[in-house]
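Chemist: kindly return the folded structure for what I paste below:
(2 chains)
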Amino acid sequence: MAHVDEYMVRVPKHVPKKYNVMRFNASDKVDIRKWAEATLVRDMRGKKTYEEEEVYPEFGAGSEYGRKQREEARKLKYGMKRKKFVVENQPWNLSAVTPEDYTGKKEGGIGEGSMYFVFTQRPDFTFEAYPVEDWHNFNRKIQHRTLTDEEAEAAWDKRDKIVNHLNYMARKRLHINDEEAGVNEDETGGKGNIKILKKIKKEENDLVIHDDEDLDMYMSGSSSDSDGGSDSGKKKKKSKTVKKKKEDSENEQEEALEDSDDGEHEGTEVAYASDVSSDQDEEENDSRVAPHGVDELEESSSSDEEEAAKNEKENDKSAGTTKQPKGSDNSGSSEDSASDIDEEESLSKSALFMQRRKTPPKDKGSKGSKSNSRSSTPTAELTGAHSSKSDLQSVKRKLETGRQSPLASSMLGKRGASTSKQDGVSVKRQKTSQASSGKTTPSKDASPHGITEETVKKYLTHKPITTKDLLKKFKKKNVGLSSEQIVEKVAMILRKLNPQKIQTNGKMHLFLRET
Amino acid sequence: MTDPGDKTLDLSGAKHDVWLVKVPKYLATQWLNAPDGMSVGKLRITKNAGRAEVTYSMDKNLTQANSSEKFLATDHKFVLQGTCGQSLAVFSTTSGSNQKGEKRAMEGRVVQKVDCRPIVSHNYMQLKRAQMIEASKPQRTTKQLAEAVKTVYKPVTKIKEQIEYDAMKKEKGKKMRVDKDVLQSILFNAFEKHQYYNIKDLQNITQQPVPFLKEVLREIGMYNKHPGHRHMWELKPEYRHDKVEEKKEDSDDIDSS
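Modeler: Got it, this is the predicted structure:
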């Protein structure tokens, strides 16, 4: 038969204890009966959030009368509501002898529809019921290290850029193995050498080297190798900016394409670069489509190669060594081969380039010359120096430099912040101007060093310029020539042109009226 | 900031087995309102072929105490649900005396989660019905007024507070200039407590007319024009209170001069 027990239920009042429920995850398999000792502490780290950052003395030296009240009133005026720090709401830290520690977070909304009671049995056939105040969910503390703010930022930047996760993770593992070595096993021998050399150089010069491959690593896992030695954070940041720049340049390309359709901007552009012949052919269109700075970088790199052959002293020797293997290497990334100095040069060039693109048209003259020299080179390169290479390679190379150039310009952009804020129209305009200047290049081809009558004329017509400045412009472009040679040439051209002489601030400026 | 409470968790109660019972609100309020020490009901545990059936019936005293309420669900069924593999524990916190912080103790392991369900009866249905009707009542209703509202605020030239303030001012009369020495001593006293004062605060403290106050302040203090403690007065370095004796002497000098 059924056995019936009867128990009294009491609800004791005025109990000092507050009953709380601890809930553990079922998978944690917690058995509190096995605990020998445990500590349960509130985590009060949330407190500092509510504390004042600046602490002023309440009394004595340095104290202000009624500062606290005034501060409070001021905050009230702006609608500030002071949050109370409720100790009861702070999470628990539980550590028992078990290997894991737990954190307990208070859970809300449990007792909304009903109430919970804890029933404990007493010896005298009674149950005592105590109302439950709070629930706390206890979870294991994580054992692994979490990312710091900076790391998280970097990781976020990479977020959607990893295509091949398998490859990425494998790479990462390798990195962990030989982070200092910095050379991946899958690299070809020649490349590895370059890498090492580069790293050494970097250590020497304390310059940061970046290359396309940094990008590649995150974009496509297969064809990439990474420069392990460089600071990863920096690299990431750089890659980010490069990406951005690339997008920008793409946009710009689009704009440029549109530009060719609409006539109004072309008109304005012509006004700036009136000295440039305005007939447009297919080539020019091509130059528009290509990312900006491609030509220029091409030029710089090619000129570098010439220089390397001519005078080694210009480049430091490590740069030279890195470069030569690169030339033989047909991996197709010209950037890789570029030495430190080359890089700097290209940077400075692209900086100028950027200024030209973005600054108002008064700088136009200098730009024109630059663009001239720039555009001249690719053809030379294609025909002359790299004739041995297949067309495919050269195209590849071109593309790669194109990718690189925004990177360099981005760095420059960082340097000269003033150039960065310009409205899109002006940028567009300059773009077209650049494109149009691109077509002038053939004329420049005539003289190997870009010192032609036309370029000098361009400078002179643009605005009054001192002879010193004028020479500076050419010196920058023609590293190979000695300054005397440049001076001689320029002087010859000047004599021919016979520009107007204007005295401004005690300095003689040369100026040529447009005819 | 660290936790002021007792760090160690008292595990003496960890071996106890407890039930965690979910109770409907209407029943819970009755339990909590029951007088101290009084039994709130009986639990009847029937072991029937290895299965335990638990029923609860409300104590008669409690029923009578709540007789004002129309309907009472007195009988409930306790549905034992086990723990479903989940580990639940009960711990208690006791807010201790001031020097000793909060005490934490393990009160037991939950061996049964119990659902307290009413046994459906006429009374219970009526109770629920009453609850529903109560819940569906709108909290605010429109009321038609028989007359227009007469307590309309009309514009006044002076509100009550202002009249009071004016009266107070008139009664006080103009602020009288005290002796210069007296004012200086008041100021020195004030500057002993804080280094920087607003002129308004000083005016409140000294109850002196502002021009006079400024006149004295210009002698012994300086005005900050720069951020940090902008627009505030402080004592000149020679009067600072960190050199109390010197200051006294100086003030004496000024008095004599």
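
Chemist: what are the ranges of the helices in the stretch 1-150 of chain B?
Modeler: Using DSSP state H, counting those that start in this stretch, the helices of the stretch 1-150 of chain B run over B:25-33, B:60-65, B:122-136.

Chemist: what's the longest strand in chain A?
Modeler: In chain A, taking DSSP state E as the definition, the longest strand is strand A:126-140.

Chemist: excluding residues flanking it in the chain, which one is nearest residue B:6?
Modeler: residue B:103 (5.0 Å; C-beta to C-beta, 6 or more residues apart in numbering or on different chains). In short, each C-beta sits where N, CA and C put it, glycine included.

Chemist: now do residue A:3
Modeler: Leaving aside its sequence neighbours, residue A:3 sits nearest to residue B:47 (C-beta to C-beta, 6+ apart; 4.6 Å).

Chemist: could I get the pLDDT score of the residue nearest to residue B:6?
Modeler: You'll see residue B:103 listed with a pLDDT of 88.

Chemist: ok, residue A:343 next?
Modeler: Per the predicted model, pLDDT is 46 at residue A:343.

Chemist: now swap in residue A:430 and tell me
Modeler: What the model reports for residue A:430 is a pLDDT of 48.

Chemist: could you do the one 5 residues further on as well?
Modeler: pLDDT, the model's per-residue confidence, is 43 for residue A:435.

Chemist: and if you look at the one 4 residues further on?
Modeler: Reading off the confidence values, residue A:439 has pLDDT 40.

Chemist: likewise residue A:104?
Modeler: For residue A:104, the model assigns a pLDDT of 91.

Chemist: what bridges to it?
Modeler: Beta bridges link residue A:104 to residue A:92, residue A:138, judged by DSSP bridges.

Chemist: since we're on it, how many residues are nearby?
Modeler: Other residues within reach of residue A:104, judged by other C-beta atoms under 10 Å in any protein chain shown, total 24.

Chemist: correct me if wrong: it contacts residue A:21.
Modeler: No. Counting by C-beta atoms under 8 Å, residue A:104 does not reach residue A:21; the two are 10.2 Å apart.

Chemist: closest one to residue B:84 among the helices of the stretch 1-150 of chain B?
Modeler: With C-beta to C-beta as the measure, helix B:25-33 is the member of those nearest residue B:84 (23.0 Å).

Chemist: can you tell me the average pLDDT over that closest one?
Modeler: Helix B:25-33 comes out at a mean pLDDT of 88.

Chemist: give me the below-cutoff pLDDT ranges for chain B.
Modeler: The model of chain B has pLDDT under 70 over residues B:1, B:66-70, B:96-99, B:241-257.

Chemist: tell me the spacing between the most centrally placed residue in it and chain A.
Modeler: In chain B, the C-alpha nearest the mean C-alpha coordinate belongs to residue B:95, at 16.9 Å (C-alpha atoms, centre = their mean). Going from residue B:95 to chain A by C-beta to the nearest C-beta, to the nearest Å gives 7 Å.

Chemist: so who does the closest residue to that residue other than its chain neighbours touch?
Modeler: Nearest residue to residue B:95, sequence neighbours excluded (C-beta to C-beta, 6+ apart): residue B:102, at 5.4 Å. Applying C-beta atoms under 8 Å, 6 or more residues apart in numbering or on different chains, we find residue B:102 in contact with B:4, B:5, B:6, B:93, B:94, B:95, B:96.

Chemist: out of these, which end up buried?
Modeler: Among the contacts of residue B:102, those classed as buried by 16 or more other C-beta atoms under 10 Å in any protein chain shown are B:5, B:6, B:93, B:94.

Chemist: off-centre distance for stretch B:187-207?
Modeler: Here the centre of stretch B:187-207 is set off from its chain's centre by 33 Å, with C-alpha atoms, centre = their mean, to the nearest Å.

Chemist: what's in contact with that stretch?
Modeler: Under C-beta under 8 Å, 6+ apart, the answer for stretch B:187-207 is A:59-66, B:175, B:183, B:186, B:210, B:213-214, B:216-217, B:220-221, B:224, B:229, B:231-235, B:239, B:241, B:247, B:251.

Chemist: next step: the residues you listed restricted to strands.
Modeler: Those of the contacts of stretch B:187-207 lying in strands (DSSP E): A:60, A:61, A:62, A:63, A:64, B:221, B:233, B:234, B:235.

Chemist: quick one: residue B:147 from chain A, how far?
Modeler: Distance, residue B:147 to chain A, using C-beta to the nearest C-beta: 40 Å.

Chemist: need phi/psi at that residue.
Modeler: phi -130, psi 160 (degrees, to the nearest 10).

Chemist: of the contacts of stretch B:187-207, buried ones?
Modeler: Buried by 16+ other C-beta under 10 Å: A:63-66, B:183, B:186, B:213-214, B:216-217, B:220-221, B:229, B:232-235, B:239, B:241, B:247, B:251, out of these.

Chemist: ok, residue A:126 - contacts?
Modeler: By C-beta under 8 Å, 6+ apart, residue A:126 lies in contact with A:7, A:8, A:9, A:10, B:39.

Chemist: got those as CSV, with neighbour count, distance to residue A:77 and secondary structure columns?
Modeler: Formatted as CSV, the contacts of residue A:126 follow (neighbours: other C-beta atoms under 10 Å in any protein chain shown; distance: C-beta to C-beta, whole Å; DSSP: H, G, I helix; E, B strand; the rest coil):
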residue, neighbour count, distance to residue A:77, secondary structure
A:7, 20, 61, strand
A:8, 17, 60, strand
A:9, 21, 55, strand
A:10, 20, 54, strand
B:39, 18, 57, strand
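
Chemist: ok, those vs residue B:125, which is closest?
Modeler: Nearest to residue B:125 out of the contacts of residue A:126 is residue A:9 (C-beta to C-beta; 24.4 Å).

Chemist: quick check: the closest one touching residue A:125?
Modeler: No. The pair residue A:9 and residue A:125 fails to qualify as a contact (C-beta under 8 Å) at a distance of 10.6 Å.

Chemist: select the longest strand from chain B.
Modeler: Under DSSP E, chain B gives strand B:103-118 as its longest strand.

Chemist: report the buried residues of that one.
Modeler: Neighbour-count burial for strand B:103-118 [16+ other C-beta under 10 Å]: B:103-110, B:112-116, B:118.

Chemist: what's it packed up against?
Modeler: strand A:17-24, strand A:114-122, strand B:8-10, strand B:17-24, strand B:75-80, strand B:88-94 (3 or more C-beta pairs under 8 Å, 6 or more residues apart in numbering or on different chains; DSSP states H and E).

Chemist: then that strand to CSV, C-alphas only?
Modeler: C-alpha atoms of strand B:103-118 as CSV (Å, rounded to 0.1, in the frame of the first residue of the first chain):
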residue,chain,number,x,y,z
LYS,B,103,29.4,36.0,5.1
ARG,B,104,28.9,33.4,2.4
ALA,B,105,27.9,29.9,3.1
MET,B,106,26.9,27.0,1.0
GLU,B,107,23.4,25.9,1.9
GLY,B,108,23.1,22.8,-0.1
ARG,B,109,22.8,21.0,-3.4
VAL,B,110,19.6,21.0,-5.3
VAL,B,111,18.4,17.5,-5.7
GLN,B,112,15.0,18.2,-7.0
LYS,B,113,13.5,21.0,-9.0
VAL,B,114,9.9,21.1,-8.0
ASP,B,115,7.1,22.7,-9.8
CYS,B,116,4.2,23.7,-7.5
ARG,B,117,1.1,23.4,-9.6
PRO,B,118,-2.4,24.1,-8.5
